[in-house]
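[1] here is my input, please return the structure:
(one chain, ligands or ions: 1)
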Amino acid sequence: MALNNPSAGIESEQISHDSSVASYCIVGAGPSGLATSRALSQLDIPHVVYEKHTDLGGIWDLDNPGTPLYESAHFISSKWTSGFTGFPMSEAMADYPHHSEIRRYLNDFADACDLRRHIRFSTDVARIEPEGAFWRVTFADGGTALHRGVICANGVTWLPSAPSWPGQFDGEIRHSATYRSPSEFSGKRVLIVGLGNSGADIACDAARHSEHAVISVRRGYHFLPKHVYGWPIDVHFRRPELIPTDVRALDLRLGVFAVTGDVTRLGLPAPDHELGQAHPLLNTQLLHHLAHGDIEVRPDIARLDGQSVEFQDGSRIQVDLILLATGYRVQAPYLDASLFDTNGQRVMQYLNVFNRQHHELFTVGFAEVAAGIYPLIEQMAHLVARHINDRLRQPSVARAFEAWKQSDDFDPKGGKRFIDSDRHTNYVDLASYLSHVERLCQRFGWPTLESMDVRPA
Ligand SMILES: Cc1cc2nc3c(=O)[nH]c(=O)nc-3n(C[C@H](O)[C@H](O)[C@H](O)COP(=O)(O)OP(=O)(O)OC[C@H]3O[C@@H](n4cnc5c(N)ncnc54)[C@H](O)[C@@H]3O)c2cc1C
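    Take a look at the predicted model:
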């Protein structure tokens, strides 16, 4: 069926960059933008992907300025559970692929699905605002375009979040987003602040390459091994043929305890939450370095004083470099912040995807999950594509969904409690989310992603 022409009534001189008013715009050609472009392409929905960098791949392209990745970075979820549907990661890749392998995989995915033709590279989106029934996109070079709808796929790790402390530090202090190579630690006394997966990885680099390495932590975490019984941990605990579901939780506890034991022996605080209530920390290398005295643990920083750092327990050390592995702010900086706010008590992005106020505003990839995120990203992309398809071709179904999203109170966290931190604001319980997507597909007559043949031709 031909699409309506939504540009009727729009003066052509209003459009200075292009005249793509009938199309949707996706911001970002990282994994989320690529998954969305594939989903829209499969339904012949016209769209353009704006990418500020000269190439695709998002954070997995180390040449993309501002990427939070570093030379030693590897995937934290295994290749077995992390690929896109119909395009698995290859046998030749490592269980936990190096960042360069993920970059190659994303390029291969884009080429196999013929997605490059949709991407405008070196196109930095500076501002997007509603204009009548459309969205006005303004680029950093001053050009503009009107689009029918907007899919924000700009990633959630580009805006560093940094704490501050009383006092003045005379050494070097910067966010871990600026860290690339262990050579930066050579001959330096280094303090890493924060213990997410990046903090733990970078602390291991510091343990091996610095003059003296220290990590400052505010709370205790559960450390998970990358392999159990010879398999990546995310494979082992998802394979019912290997272990029955009902003993998995106990097995996880025992398996983790058998490998890591009581981490307070190594100077780490005891976890203040249950396993599963915080993003998993898949790193036993750090425990290895602690056990070998290559790095030491201190509590939260109390104040800075010249070249000294004083901690909450009153201890002090001299430091040359403080690296803040303290996370990121989740935002689409080109949009009015109020669009992502809560409206009273209601979160504006239903399922972390659909804006409750604007029917043509979507987010893909604005989530955290205790697993590889691509299976979640592509479900989000699938939902967006199906709903846009209805808006264009079956308006009555689209209206029914729009009424539904105002009243459905599904909690993407699946009712689970996660620790109270910025990182867990957008946390999604994958199993609950996928079950809910299946229910939505049934209700609105959409095929499930699993039932479709999405293999590239
Ligand atoms: C250290 C680290 C390890 C990780 N490990 C894993 C893992 O093991 N498994 C996993 O599944 N996930 C992992 N992740 C999560 C990671 O975020 C995803 O793999 C994935 O990169 C998210 O894709 P995205 O497209 O949403 O965002 P990104 O990869 O951030 O891509 C967003 C794209 O949007 C572009 N962009 C941003 N703003 C604009 C703008 N204004 N105009 C135009 N373009 C713009 C950027 O240039 C970028 O290309 C990890 C993340 C980090 C930081």
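
[2] neighbours around residue 258, how many?
    Residue 258 has 10 neighbouring residues, counting by other CB atoms under 10 Å. Every residue, glycine included, has its C-beta placed from N, CA and C.

[3] wait, is it part of a helix?
    Yes - according to DSSP: H, G, I helix; E, B strand; the rest coil, the state of residue 258 is that of a helix.

[4] write out the residues of the chain neighbouring the ligand.
    Contacts of the chain with the ligand, taken as CB under 6 Å from any ligand atom, map to 27-33, 50-53, 58-60, 64, 68-69, 73, 75-77, 82, 124-125, 153-155, 157-158, 197-198, 334, 365, 372-374.

[5] buried ones among these?
    27-33, 50-53, 58-60, 64, 68-69, 73, 75-77, 82, 125, 153-155, 157-158, 198, 334, 365, 372-374 (16 or more other CB atoms under 10 Å).

[6] any low-confidence regions in the chain?
    In the predicted model of the chain, residues 1-21, 239-247, 342-347 satisfy pLDDT under 70.

[7] top helix in it by residue count?
    For the chain, the longest helix by residue count, based on DSSP state H, is helix 374-393.

[8] run the chain-centre distance for that one.
    18 Å (CA atoms, centre = their mean, to the nearest Å).

[9] show me the domain layout of this protein.
    The record's domain split for the chain, according to automatic domain parsing, is 2-159+328-451, 167-324.

[10] okay if I get those as a markdown table plus distance to residue 457?
    Rendered in a markdown table, the data for these read as follows (distance: least, CB to CB, whole Å):
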| stretch | distance to residue 457 |
| --- | --- |
| domain 2-159+328-451 | 9 |
| domain 167-324 | 29 |
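
[11] for burial, what's the neighbour tally of residue 141?
    10.

[12] for residue 384, which non-adjacent residue is spatially closest?
    When the adjacent residues along the chain are set aside, residue 384 lies closest to residue 362, with 4.8 Å between them (CB to CB, 6 or more residues apart in numbering).

[13] picking that back up, okay, and which of the residues of the chain next to the ligand map to strands?
    Per DSSP state E, strands hold the following members of these: 27, 50, 125.

[14] ok so residue 102 is a strand residue?
    No - the secondary structure assignment for residue 102 gives helix rather than a strand, going by three-state DSSP.

[15] let me see the contact set for the nearest residue in space to residue 50 that is not next to it in sequence.
    Nearest-residue entry for residue 50: residue 123, 4.5 Å, with adjacent residues in sequence omitted and distances by CB to CB, 6+ apart. Residue 123 is in contact with 50-52, 139, counting by CB atoms under 8 Å, 6 or more residues apart in numbering.

[16] just flag the most distant two among the residues you listed.
    In the contacts of residue 123, two members sit farther apart than any others by CB to CB. They are 51 and 139, at 11.6 Å.
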